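Colleague: Need a 3D model of the following:
(one chain, ligands or ions: 1)
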Amino acid sequence: MISRSAIDLIGNTPLVTLDRLHSGPGQLLAKCEFMQPGGSVKDRAALQIINDAYDDKRLVKGRPVVEMTSGNMGAGLAVVCNVTGNPFVAVMSKGNSPARVKMLESLGAEVVLTSQVDGSPGMVTGKDIEVATEEAIRISKEKDAFYVDQFNNESSLRAHELGTGPEIWEEVGNELDCFVAAVGSGGTFLGTSKYLKNRKAGLYCAAVEPEGTQVLSGKPITDPRHVIQGIGYSLVPPHWDPKLCDETVAVTDDEAIRYRSLLAEKESLLVGYSAAANVCASVKLMNSGKFGKYPMVVTILCDTGLKY
Ligand SMILES: Cc1ncc(COP(=O)(O)O)c(C=O)c1O
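Modeller: From the prediction side, this is the model:
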């Protein structure tokens, strides 16, 4: 198959069994979102957002695009904007890994870094994100740019309702018992769960949160700092729909670190902390026995471990 551009390499990611990490009972499958050109699940949202903005003329060739990003949405937007011919400015908290800044700059994006408020390097909090967001809005006004606004942009949910959900259903169909995904903007969890629940009434969808900042389960924030970059910003995403979420599962830093090593060493899958948190949460759910003896669970390997 010959693709016309890197954009055509977005989506249609494979599922891989994690039998070496979880030998059963049941089957744990993971969607390899890290295999996309920007190295993460966010490529899908980036493409849908830019396509939708072109469709209704909010964006034209040459107009700058600006977004606040932990790095993954930025990489996706850099990939897409290079192909569509739009200059891209990424505004990031300094707490995100330097590897992400390097990747964005290598893809030709302009990167603006903002200071941390209460986070620390490798640990980005909701307040750090607020500062980066304000700066992104300021720059987008200054440049008369298209401001992506991923947390409020419905195209990001649509990307998963039109892509991730149908792709999973096509592979596993009615056998599926449970879908598990970590929540940043919520696009992956909400869009995929919406599609899958429409296909199978009673399908169980579980959202993953870092322990200490479990706002989706309504718990008080005890520690906003954690290693699971890209999720757990101590805020309920604007499009959050509790009807789509049957359970929230908390994962500690230690668990995410341990599962990241297990994935690399047992499955040869070098992925990031949110992917590891997803797999850890899936194993917890499978071991709980709530899906019977042979549950089938699908989760998301959100990004490549090379970004850390
Ligand atoms: C590494 C990583 N994992 C998970 C997510 C969560 O994805 P979503 O914004 O679709 O909830 C993100 C979002 O940026 C991310 O960067």
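Colleague: Report how many residues lie close to the residue in the chain that the ligand sits nearest to.
Modeller: Distances between the chain and the ligand by C-beta to the nearest ligand atom are smallest at Gly230, namely 2.3 Å. Just so you know, the C-beta spots here come from the backbone N, C-alpha and C atoms, and that holds for glycine as well. Residues within reach of Gly230, counting by other C-beta atoms under 10 Å, total 27.
Colleague: which ones are touching it?
Modeller: Going by C-beta atoms under 8 Å, 6 or more residues apart in numbering, Gly230 touches 40, 70-72, 182, 184, 272, 274, 302-303.
Colleague: Those in strands, which ones?
Modeller: Ala182 (DSSP state E).
Colleague: out of the contacts of Gly230, who's nearest Glu134?
Modeller: Ser70 (15.8 Å; C-beta to C-beta).
Colleague: contacting residues for that closest one?
Modeller: Ser70 touches 92-93, 96, 100, 124, 129, 184, 229-230, counting by C-beta under 8 Å, 6+ apart.
Colleague: rewinding a little: just the contacts of Gly230 that are near the ligand?
Modeller: 40, 70, 72, 182, 184, 272, 274, 302-303 (C-beta under 6 Å from any ligand atom).
Colleague: Identify the residue with the minimum pLDDT among those.
Modeller: Least confident entry in those, by pLDDT: Ser70, with 85.
Colleague: Could you give the number of residues near Ile137?
Modeller: A total of 15 residues lie near Ile137 under the criterion other C-beta under 10 Å.
Colleague: pretty sure it contacts Tyr147?
Modeller: Yes - counting by C-beta atoms under 8 Å, Ile137 touches Tyr147, with 6.4 Å between them.
Colleague: got the residues of the stretch 101-250 of the chain near the ligand?
Modeller: 182-189, 229-231.
Colleague: Show me which of the residues you listed is closest to Asp56.
Modeller: Gly187 (18.9 Å).
Colleague: which ones are touching the closest one?
Modeller: 45, 150, 156-157, 159-160 are the contacts of Gly187 under C-beta under 8 Å, 6+ apart.
Colleague: Check the gap between it and Asp246 for me.
Modeller: Distance of Gly187 to Asp246, computed by C-beta to C-beta, to the nearest Å: 19 Å.
Colleague: For beta bridges, what are the partners of the closest residue to Leu15 other than its chain neighbours?
Modeller: Spatial nearest neighbour of Leu15, excluding adjacent residues (C-beta to C-beta, 6 or more residues apart in numbering): Leu29 at 4.7 Å. Note on Leu29: beta-bridge partners by DSSP bridges are Thr17, Val298.
Colleague: Thank you, goodbye.
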